[in-house]
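[1] Take this sequence and fold it.
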Amino acid sequence: MISREPGLHFDGPFDHTRGWRALPRWCGALALVAVAAFAGQQIAMQAGLARLREAAEHRLDMLATGLDADLARFDYLPALLEMTPVVPELLGTPSDTRLRDAVNRYLDGVNATAGAEMLYVLDASGTSLAASDWDKPGTTVGQDLSFRPYVIDALGQGRGRFYGVGITSKKPGYYLSYALRRGQSSRGVVAVKINLEEAERAWRKLPGDVALIDQRGVVILSTREDLKFRPLLPLDALQRAEVLRSRPYGEASLQPLQWTQKEVLDRDVQVISLDGVDQLASARILRGAPWQLVVLDDLAPLRTAARYAAITASLAMAVLLLVAVALWQRRRAVRQKLASQAALQAAHDTLESTVVARTAQLRAAQGELVHAGKMAALGQMSAGVVHELNQPLTAMRTLSESAVILLDKNRIDDVRGNLQRIRNMVDRLARLTSQLRTFAYKGEVPLAPVPLSQAIAEAQAIVADAAKKQRVAIEVDVQPAALSAMAEDAALGSVLANLMRNAIDAMQDAPLRTLRLEARPKEGRVLLSVTDTGPGIRPDILPRLFEPFVTGKAAGSGLGLGLVISAQLVRAMDGTLRAANLDGGGACFVIDLPAAIAVIHNPPVPSHSPPLSTAQQE
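    Next up, the predicted model:
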């Protein structure tokens, strides 16, 4: 008998028929792989663009704030010079050599304090009468600068702003000019030249490229030298005439850049092609000048990553399809084997009943173990509550007794201070009970920046009486003073108070009794050490120090749970607590916590450049 089953007999016509029937499935699989590759590429590209835009926005915030601050920090100079008698006197008698020398020296002193590149005074005709660099080669003294836009604007409108290359120094700078008036008429102009090359050098330390574009569309500052003094688009006739008249770019050829806009993503975000390379251009208009600050990010790495994502997605889809085919074939094989397993079904049912019964027994045993664990945890928690509340209650009793004595002596302010401290202790107890409630629900300890100096001071107040009674000197060294850690203030205070009290108890018989607390930052973490000059930790206890009911104190002096609870609190704050003996004697406990990091969205404070050297020119 010849079998007719498709999986067992292959002849020519059947193979062709089966191949044509499988073609749609192959086409569907290829389509799924292509869709996965396209989706992976698009998702990776959009996510990468979002990251680039966010990073560019942060850089623009920082750079624009710093540049605006650099441009605005010399606005006080006109009022200063107007109030100086020698400057108006020089404008009245410009031929007085003695007066001119006095103004030159005065401008040099003011400029050394202000930190500008140059400071000079011009008469109403635009001729420089005095300058802070009068004794340097290439000084502006005697130069006719009436054609410069900042002089024209100051004489006509009261003030002017201009960026350009110096006529005598051939160095670029930003010029601020202010008219010195008597009534309605302008007697002269005071001009300040600001060197922005320091800002440009700082830009080079940031990722990507930065360009500063003036009102004509010409790049005047850039981290790339090949972009400087080149327009994005060719200048029109009016712009070329203005450039020839005012000479803002010196002898630059003004060769246009190969700048092509390809896609607009947002009002100030575009995809452009610069010299044939696609870049993400993010722009920001400055407040203090008619300029545009642009940051450029190369899109080649992003597109490479997107291609890798597409390849990964297509391979993942292919693997999923292969797994699906394998599962489908496996199901077919399982269905074929079901017929041969009928004889084993009875044994299988019996075995399954046995497994169910044993599983029920295991669950019952597991429930008993869980109950026993809960009872043990309840006993440990009860001891922990007594341990944690004892220290604040002792401090409250001492403060209340002191308040009665102070009240008898009519020292009301001191009584009020003690009551305030008692209130703080009550708040601390509330936080401690809240912390214990958090343990009960297995929640996470809420972390916030905690100044370590404040936490140490609060713990020191709790153990102050014990330290005084045992004649223990407490030393605190927190560097820097404002050092903070991500922690929960009540939990951290409880840990510190427990470690300090243990150290005080350990030094009862020591000849030298010094308790030292030291905090230092290290690689994004904060290390807070508590050291004493006692006998140290017994070697047989040190490996098991953080286990429940392990203590080095005499019988009846401690439960052996303080360090266990302290270690649990530190771990809940994403930290560690470790202990060691010092070589010179004594014990050292180190708390390792995350450092509190400043909010990155705060605008950076611009750094003021130091006064420039004496070789400053226009």
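[2] Just checking the distance from stretch 305-321 to the centre of its chain.
    Relative to the mean C-alpha coordinate of its chain, stretch 305-321 is positioned 34 Å out (Cα atoms, centre = their mean, to the nearest Å).
[3] typed the wrong thing, it's stretch 24-36
    That offset, for stretch 24-36, works out to 45 Å (Cα atoms, centre = their mean).
[4] model confidence over that stretch, on average?
    Mean pLDDT, computed over stretch 24-36, is 84.
[5] what's the neighbour count on Gly552?
    Using other Cβ atoms under 10 Å, Gly552 is surrounded by 19 other residues. In short, each C-beta sits where N, CA and C put it, glycine included.
[6] do the same with Ile541
    Applying the criterion other Cβ under 10 Å, we find 14 residues in the vicinity of Ile541.
[7] so how far is Ala579 from it?
    Distance of Ile541 to Ala579, computed by Cβ to Cβ, to the nearest Å: 10 Å.
[8] Need the overlap of contacts for the two.
    With contacts taken as Cβ atoms under 8 Å, 6 or more residues apart in numbering, Ile541 and Ala579 have no neighbour in common.
[9] Next secondary structure after the helix or strand where Val192 lies?
    Val192 belongs to strand 185-194 when assigned by DSSP states H and E. Next helix or strand after strand 185-194 toward the C-terminus (DSSP H and E): helix 197-203.
[10] In terms of helix, strand or coil, where does Ser529 fall?
    On the three-state scheme (DSSP: H, G, I helix; E, B strand; the rest coil), Ser529 is labelled strand.
[11] so it bridges to which residues?
    Counting by DSSP bridges, Ser529 forms beta bridges with Glu518, Val590.
[12] my guess is it contacts Asp592, does it?
    No: using Cβ atoms under 8 Å, Ser529 makes no contact with Asp592, being 9.9 Å away.
[13] which residues are common contacts for these two?
    Shared contacts of Ser529 and Asp592, defined by Cβ under 8 Å, 6+ apart, are absent.
[14] shaky segments in the stretch 151-300 of the chain?
    183 (pLDDT under 70).
[15] Which parts of it are strands?
    With DSSP state E, counting those that start in this stretch applied, the stretch 151-300 of the chain shows strands at 159-165, 172-182, 185-194, 209-213, 219-222, 259-266, 269-274, 277-285, 292-298, listed in chain order.
[16] Output the below-cut-off pLDDT ranges for this structure.
    Confidence mapping of the chain against pLDDT under 70 gives the ranges 1-19, 78-79, 183, 363, 365-388, 428, 430-445, 549, 554-560, 598-618.
[17] Can you check which of the strands of the stretch 151-300 of the chain gets nearest to Asp61?
    For these, distance to Asp61 was read as Cβ to Cβ. The smallest value, 8.1 Å, belongs to strand 277-285.
[18] That closest one packs against which elements?
    In terms of contacts (3 or more Cβ pairs under 8 Å, 6 or more residues apart in numbering; DSSP states H and E), strand 277-285 is packed against helix 12-72, strand 269-274, strand 292-298, helix 300-338.
[19] what do you get if the cut-off is 7 Å, keeping everything else the same?
    Taking 3 or more Cβ pairs under 7 Å, 6 or more residues apart in numbering; DSSP states H and E as contact, the helices and strands that strand 277-285 lies on are helix 12-72, strand 269-274, strand 292-298.
[20] what angle sits between that strand and helix 300-338?
    For the pair strand 277-285 and helix 300-338, the angle between their directions (axes from the mean of the first three to the mean of the last three Cα atoms, to 10 degrees) equals 120 degrees.
[21] what lines up beside strand 277-285 in the sheet?
    With DSSP bridges as the test, strand 277-285 pairs up with strand 269-274 (antiparallel), strand 292-298 (antiparallel).
[22] Run through who's touching it.
    49, 52-53, 56-57, 60, 64, 262, 268-272, 292-299 (Cβ atoms under 7 Å, 6 or more residues apart in numbering).
[23] For Trp203, find the nearest of the strands paired with strand 277-285.
    Proximity to Trp203 (Cβ to Cβ) singles out strand 292-298 among the strands paired with strand 277-285, at 9.0 Å.
[24] chain center to that closest one: distance?
    21 Å.
[25] what do you get for stretch 206-222?
    Centre-to-centre, stretch 206-222 and its host chain are 26 Å apart (Cα atoms, centre = their mean).
[26] Give the buried residues for it.
    Of the residues in stretch 206-222, 208-214, 216-222 count as buried by neighbour count, 16 or more other Cβ atoms under 10 Å.
[27] Do me a favour and get the end-to-end distance for that stretch?
    This stretch, stretch 206-222, spans 12 Å end to end (Cα to Cα, to the nearest Å).
[28] shouldn't Leu499 be in contact with Phe589?
    Yes: between Leu499 and Phe589 there is a contact under Cβ atoms under 7 Å: 5.2 Å.
[29] the more surrounded of the two?
    Neighbours were counted for Leu499 and for Phe589 using other Cβ under 10 Å; Leu499 has more, 27 against 24.
[30] circling back: quick one: the buried residues of stretch 206-222 as a markdown table, columns for distance to Gly250 too.
    As requested, these are exported to a markdown table (distance: Cβ to Cβ, whole Å):
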| residue | distance to Gly250 |
| --- | --- |
| Gly208 | 27 |
| Asp209 | 22 |
| Val210 | 21 |
| Ala211 | 18 |
| Leu212 | 16 |
| Ile213 | 17 |
| Asp214 | 14 |
| Arg216 | 15 |
| Gly217 | 18 |
| Val218 | 12 |
| Val219 | 14 |
| Ile220 | 11 |
| Leu221 | 14 |
| Ser222 | 16 |
